[in-house]
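[1] this is a predicted model, with the sequence first.
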Amino acid sequence: MNPPHPTAPATDAGAFRPPAQPCPGCALCEAAGGVLVYQTPRWRVIRAEDCDHPAFYRVVWREHVGEFSALPAADRLDCMEAVVAVERTLLAELNPRKINLAAFGNRVAHLHWHVTARFDWDRHFPEPVWGPPQREVQPPAVQRLGMPLANLDEQVRAAVCGLRP
């Protein structure tokens, strides 16, 4: 665990706070981008609202930057620590077949990492989440997770709240 950042205290989920200098028209500068799980002055974790993939989280860099390489080395490390904390939580709590990690930004050119738990039974597996459906899922995916989303969100929050903000 990293020591607290000396100039910026961490915050809990609370209300979404836009970056100090938002980029007009950027969806991730103007809104949380999903269910806000936890935020710090530099990044936030949200859960995407996706009925086919309910254990789909994003680590969003709060300031508007398009590319991971644009961050200073220390910030890249801190961002990836948050990604890894979310990934480890999903692995431990859900025992998925695979975790998908991605940072596309093709539609929203604001740095964010997708962290998605994938299961043999999910609607698109083994295809990408945007790929063609492979099956109907019954009962619904959220019921197949084995724990309520609020509990999963709390586990993710606990995993990231001790990281350097």
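    Cool, got the structure.

[2] dump the residue contacts of the residue positioned nearest the centre of the chain.
    By C-alpha atoms, centre = their mean, the chain has its centre lying nearest to residue 58, at 1.9 Å. Applying C-beta atoms under 8 Å, 6 or more residues apart in numbering to residue 58 gives the contacts 33, 34, 45, 46, 47, 48, 112, 113, 114, 115. Where C-beta positions appear, they are placed from N, C-alpha and C, glycine not excepted.

[3] now, which of those lie within helices?
    Counting by DSSP state H, none of the members of these fall within helices.

[4] quick one on the thing from earlier: ok but the residue nearest to the centre of the chain is inside a helix, no?
    No: counting by DSSP: H, G, I helix; E, B strand; the rest coil, residue 58 is not part of a helix but strand.

[5] next one: it from residue 73, what distance?
    Distance, residue 58 to residue 73, using C-beta to C-beta, to the nearest Å: 22 Å.

[6] just the CA coordinates for the lengthiest helix in the chain, please, in PDB.
    Longest helix of the chain, by residue count under DSSP H: helix 73-94. This file holds the C-alpha atoms of helix 73-94, laid out as PDB (Å, rounded to 0.1, in the frame of the first residue of the first chain):
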ATOM      1  CA  ALA A  73       5.700   7.500 -14.900                       C
ATOM      2  CA  ALA A  74       4.600   7.800 -11.300                       C
ATOM      3  CA  ASP A  75       1.000   8.500 -12.400                       C
ATOM      4  CA  ARG A  76       1.000   5.500 -14.800                       C
ATOM      5  CA  LEU A  77       2.100   3.300 -11.900                       C
ATOM      6  CA  ASP A  78      -0.600   4.700  -9.600                       C
ATOM      7  CA  CYS A  79      -3.200   4.200 -12.300                       C
ATOM      8  CA  MET A  80      -2.200   0.600 -12.900                       C
ATOM      9  CA  GLU A  81      -2.200  -0.100  -9.100                       C
ATOM     10  CA  ALA A  82      -5.900   0.800  -9.200                       C
ATOM     11  CA  VAL A  83      -6.500  -1.400 -12.300                       C
ATOM     12  CA  VAL A  84      -4.700  -4.300 -10.600                       C
ATOM     13  CA  ALA A  85      -6.700  -3.800  -7.300                       C
ATOM     14  CA  VAL A  86     -10.000  -4.000  -9.200                       C
ATOM     15  CA  GLU A  87      -8.800  -7.100 -11.200                       C
ATOM     16  CA  ARG A  88      -7.600  -8.900  -8.100                       C
ATOM     17  CA  THR A  89     -10.900  -8.200  -6.400                       C
ATOM     18  CA  LEU A  90     -12.900  -9.600  -9.300                       C
ATOM     19  CA  LEU A  91     -10.700 -12.700  -9.400                       C
ATOM     20  CA  ALA A  92     -11.000 -13.300  -5.600                       C
ATOM     21  CA  GLU A  93     -14.800 -12.600  -5.300                       C
ATOM     22  CA  LEU A  94     -16.200 -14.000  -8.500                       C
END
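
[7] nothing else from me, thank you.
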